[in-house]
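Participant: Sequence and predicted structure below; questions after.
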Amino acid sequence: MRILIIEDDKEAASYLVKAFREAGHVADHAADGLDGYAMAEAGDYDVLVVDRMLPKLDGLSLIRSLREQKVETPVLILSALGQVDDRVKGLRAGGDDYLPKPYAFSELLARVEVLARRRSTAPNAEPTVYRIADLELDRLSHRVTRSGQEIVLQPREFRLLEYLMKNASQVVTRTMLLEHVWDYHFDPQTNVIDVHVSRLRAKIDKGFDKPLIHTIRGAGYMVRVGAEGDEE
Amino acid sequence: MNAFLSALGKLFRTTAFKLSFAYLLVFTIFAFVGLGYVAWNAQRLLTDQFVSTIDSEVNNLSDQYSMGGLRRLVNIVERRSRAPGALLYLVTTENGERIVGNVGALPPDVIGRVGQFETLYNRTEETGTKPDVAIVRVYLLPGGFRLLVGRDIGERIRLGDVIHRAFGYSLLFIGVLGCLGSWFIARRVLKRVDDMTEITRHIMAGDLGGRLKVAGTGDELDRLAQNLNDMLDRIGELMRGMQEVSDNIAHDLKTPLTRMRNKADEALRAARTPDELKAALEATIEESDNLIRIFNALLMIARLEAGNAREGLADFDAAEAVRDMAELYEALAEEANVSLDLSIEDDLPIHGSRELLGQALANLLDNALKYGAATDPSAKDFSAKTVTVSAHRSDGEVRIVVADRGPGIPEAERGRVLERFVRLETARSRPGFGLGLSLAAAVARLHGGILRLEDNEPGLRVVLALPLKAAEMPQPPLQSAA
């Protein structure tokens, strides 16, 4: 996918460009708000990574201007401010996700990939049933079956699985899970999320020879078929 | 010279000088009005007295004239004219020809006028010298003779001169004294302000130990100095706090940084296979993630304490946040074989940040599970494996309690563990950075509440007491109209 990084810190930007390229993406860089705006408007990017504080045109104004021009490319805001309402301001300006500095690249990569994926699936075309291998999750009837057998899940477990399956074959970090399943935006310090995932895993994968919920070390979790590259 | 002028200019510009000068002006005006009134009154009184003397003399003489005729009048006038300190007398014919009197020369036509007026004159013995001024009355006697009686008013003029001179002297006196006074006061104030400026300049240059002199007079400058000193004390405290925090940060980050560096170094030297290298790199990333966590936690505490998180606060239900976090940690508790007892009252509205309260609670639950469940596994006491979470309203507060049955925290240590990076010796072996309680306490303060550590006999009871949001008041009509 094509990623545009709008960041004035040269070193941080070149690290990001390199890291995204190594992760198999095409990454461009703009060093100030105006360049970034021009490139974002002209180029066909899947995701924009925008620093909040930029010379010439600040990040939030840039996003607002893009949205006014009907450029709907998903935007991830990077911010060193990180105050309580900072996220709200960023999202209100038209950002799609928000990551306070300092962050781990794995976290940024996972979020960018999820944003890009969301763009490729039209918002209304979200299926009512998620299917991966023999696992099925019906979002309307709240039923989960594997190989036709019904699996009874707690409401929170259902939402956890729903989010994992929605982003199947993508890394989902613990912070992202806390955000989307519990609606809290902080870094879960210990293994609270892991315990919930392992509980879910016990219900989904136990008794089946092909595990579907995989742990990605140093990053998070992924639902996918097959054990290729699995590092459990 | 220029330096002197600039110093003088500085003096003139001081508030004290300007104020003194204004007072000086006001007092001068008062003095002039007062003196002028006195002078005017004195002159008036004097004139009245002269006039009544002249009038009675005129009456007396005209009586004499009607009793004894011209001869008697001439005799009396002649006698009275010669008495020392005599009034002015002149008796003339109808045509103004002098018959008798001590007035020598008069401006022409004076004697032809009848009535009271002021005029220049010379006494008979002083003819040819500079004329004096007198107030006179000319009276027409029956038979066409004219009688003039007058009184020299040189006295009145001299009194006027005295008063004028007094005006002049007092003006000079007030002016000189006022200027000196203003200068003295301004210089005194200026000196103190200059001293203050000098000291503050030193302080700005980095000598934070310096303090302004308090003269002990209790005046406004003293109060200012005292306030500035208090402010400096506070700044000093904050600086020491900052220093302490940065020292702690340096210390606590040094350990994981060194560990990370050593691991990477060792991997570089010893790792043979790609797998070993990969494992070493992953360990490095994990360590750096920890560092990022520490940084984030520290930044968050710093922001909360700086108080600039206040902007994004809103009303929310604390009960829900407690329930959310209990639910989040329930799985972890179960895994650790700890039972999580919940007693949460419905509907606990507070004003603040649901996110931050959630995070504070997460830290408390984390601690309770980490340390509170750490009792001897052979203990028979069943409640040793219980963590209680409760949230209730009481006295206008929402009290959220997380209590465990673990070893607790000795009373002497309770204040200390709320500080950043402080970890009890018994906790050193467990993962953690010693920031959880600090963060929870900072969150409590942000909500206008407090975090208390109490004895759960045995165990630790952490109480988050936050002010309950007052029930919605009926809107006053003015506001609802707006």
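Facilitator: Here it is on my side, so go on.

Participant: Just list what the helix or strand where residue B:464 lies packs against, helices and strands only.
Facilitator: For residue B:464, the enclosing helix or strand under DSSP states H and E is strand B:460-467. On a contact count with 3 or more CB pairs under 8 Å, 6 or more residues apart in numbering or on different chains; DSSP states H and E, strand B:460-467 meets strand B:349-352, helix B:354-367, strand B:397-403, helix B:436-446, strand B:450-455. Heads up, the C-betas are built off the backbone N, CA and C, glycines and all.

Participant: tell me the contacts of residue A:200?
Facilitator: For residue A:200, the contacting residues are A:153, A:157, A:160, A:161, A:213, taking CB atoms under 8 Å, 6 or more residues apart in numbering or on different chains as the criterion.

Participant: er, residue B:194 I mean
Facilitator: Residues touching residue B:194, when contacts are defined by CB under 8 Å, 6+ apart, are absent altogether.

Participant: before we move on, the earlier item: out of the contacts of residue A:200, which end up buried?
Facilitator: The neighbour-count test (16 or more other CB atoms under 10 Å in any protein chain shown) marks A:153, A:157, A:160, A:161, A:213 as buried among the contacts of residue A:200.

Participant: who's in contact with the second one?
Facilitator: Contacts of residue A:157 were listed using CB under 8 Å, 6+ apart, and they are A:196, A:199, A:200, A:203.

Participant: Repeat the analysis, applying 10 Å as the threshold.
Facilitator: When contacts are counted by CB atoms under 10 Å, 6 or more residues apart in numbering or on different chains, residue A:157 is found next to A:144, A:151, A:181, A:196, A:197, A:199, A:200, A:203, A:204, B:331.

Participant: Format those residues as CSV; extra columns: distance to residue B:367.
Facilitator: Formatted as CSV, the entries for the contacts of residue A:157 read as follows, by distance: CB to CB, whole Å:
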residue, distance to residue B:367
A:144, 34
A:151, 34
A:181, 23
A:196, 19
A:197, 22
A:199, 22
A:200, 26
A:203, 29
A:204, 31
B:331, 17
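
Participant: Looking at those, which are in strands?
Facilitator: A:144, A:151 (DSSP state E).

Participant: Tell me the one among the contacts of residue A:157 nearest to residue A:32.
Facilitator: For the contacts of residue A:157, the minimum distance to residue A:32 (CB to CB) is 37.3 Å, reached by residue A:181.

Participant: Look up how far residue B:141 lies from that closest one.
Facilitator: Relative to residue B:141, residue A:181 is positioned 132 Å away (criterion: CB to CB, to the nearest Å).

Participant: ok, those two, which is more surrounded?
Facilitator: residue A:181 (21 against 18; other CB atoms under 10 Å in any protein chain shown).

Participant: right, and the more buried one touches residue A:166 too?
Facilitator: No: Residue A:181 is beyond contact range of residue A:166, at 11.2 Å (criterion: CB atoms under 10 Å).

Participant: wait, is residue A:169 part of a helix?
Facilitator: No: going by DSSP: H, G, I helix; E, B strand; the rest coil, the assignment for residue A:169 is coil, not a helix.

Participant: For residue B:19, give me its contacts.
Facilitator: When contacts are counted by CB under 10 Å, 6+ apart, residue B:19 touches B:182, B:185, B:186, B:189.

Participant: what's the most distant pair in those?
Facilitator: Within the contacts of residue B:19, B:182 and B:189 form the most distant pair, 10.5 Å apart (CB to CB).

Participant: Return every residue with contacts to both of these two.
Facilitator: If you check residue B:182 and residue B:189 against CB under 10 Å, 6+ apart, the residues they both contact are B:11, B:14, B:16, B:17, B:19, B:20.

Participant: Now name the helix or strand holding the first one.
Facilitator: With the criterion set as DSSP H and E, the secondary-structure element containing residue B:11 is helix B:2-13.

Participant: and the helix or strand of chain A with the lowest mean pLDDT, what does it pack onto?
Facilitator: Using mean pLDDT, DSSP states H and E, the weakest-scoring helix or strand in chain A turns out to be helix A:86-92, at a mean of 81. In terms of contacts (3 or more CB pairs under 10 Å, 6 or more residues apart in numbering or on different chains; DSSP states H and E), helix A:86-92 is packed against helix A:59-68, strand A:75-79, strand A:97-100.

Participant: and the angle for the first one with strand A:75-79?
Facilitator: With axes from the mean of the first three to the mean of the last three CA atoms, to 10 degrees as the basis, helix A:59-68 and strand A:75-79 are set at 170 degrees to each other.

Participant: buried residues in helix A:59-68?
Facilitator: For helix A:59-68, burial by neighbour count (16+ other CB under 10 Å) applies to A:59, A:60, A:62, A:63, A:65, A:66.

Participant: can you tell if that helix touches chain B?
Facilitator: No: counting by CB under 10 Å from any CB of the partner chain, no contacts exist between helix A:59-68 and chain B, the nearest distance being 15.1 Å.

Participant: which stretches of chain A form strands?
Facilitator: With DSSP E as the criterion, chain A has strands at A:2-6, A:26-30, A:47-51, A:75-79, A:97-100, A:129-132, A:135-138, A:143-146, A:149-151, A:172-173, A:213-216, A:220-223.

Participant: and the fifth one, does that touch chain B?
Facilitator: Yes: contact between strand A:97-100 and chain B is present through residue A:100 (criterion: CB under 10 Å from any CB).

Participant: okay, now the domains of the chain?
Facilitator: Picking chain A for this. Residue ranges for each domain of chain A read A:2-120, A:127-223, as given by automatic domain parsing.

Participant: nope, chain B
Facilitator: Residue ranges for the domains of chain B, per automatic domain parsing: B:1-207, B:220-305, B:307-375+B:383-467.

Participant: Tell me the gap between the first one and the middle of its chain.
Facilitator: Using CA atoms, centre = their mean, to the nearest Å, we find the averaged C-alpha position of domain B:1-207 to lie 50 Å away from the chain's own average C-alpha position.
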